[in-house]
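>>> Quick check, what structure comes out for this input:
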Amino acid sequence: MAASHDPDTVRHQFADAVNMTAGELEKWLATDESQAVGQKSGSEESTGHESGRRIVALLRTRKDDLTDDDLAHMQKVHGYVQRHLAQRPDKEDAETSRWRYSLMNWGHDPLKKG
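Here you go, the predicted structure:
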């Protein structure tokens, strides 16, 4: 993990990026739509879907029990969500777009209010 990011900052950024609860994300990951998007690297599961399962676990982990590896993944999630939000499609219906579905695999629903 980069020295410039202390654990509190990483946790805060992760909390800003992930706006779905563990339960919401778990339900989403079980859908066909969730499993149909994302880059697959040799396995049946996409990188984002695998990350989503890890995010569920991270959301259920006490802050004192987070490892450096957990914090590094939390940083990766924040970076992915920030980059992907900047790529919002203009003409596509966001509600059923691959763009939204990919973000949701990473724990962020861009259409969720509040």
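
>>> Tell me the pLDDT of the residue of the chain most remote from its centre.
The C-alpha centroid of the chain is most remote from Lys91, which lies 23.6 Å away (Cα atoms, centre = their mean). We have a pLDDT of 74 for Lys91.

>>> Does it belong to a helix, a strand or coil?
coil (DSSP: H, G, I helix; E, B strand; the rest coil).

>>> Which helix runs longest in this protein?
helix 68-85 (DSSP state H).

>>> Could you measure from the residue farthest from the centre of the chain over to Arg11?
Applying Cβ to Cβ, to the nearest Å, the value for Lys91 to Arg11 is 36 Å. All C-beta atoms are positioned from the backbone trio N, CA, C, and that covers glycine.

>>> ditto for Leu59
11 Å.

>>> cool, Val18 as well?
Noted for Val18: a distance of 11 Å to Arg11, by Cβ to Cβ.

>>> What's the local residue count around the closest residue in space to Val18 that isn't next to it in sequence?
Among residues not flanking Val18 along the chain, Gly107 sits closest, at 3.7 Å (Cβ to Cβ, 6 or more residues apart in numbering). Look at Gly107: counted by other Cβ atoms under 10 Å, it has 28 neighbours.

>>> picking up where we left off before, give the other helices and strands that the longest helix of the chain contacts.
helix 7-17, helix 47-59, helix 98-105 (3 or more Cβ pairs under 8 Å, 6 or more residues apart in numbering; DSSP states H and E).
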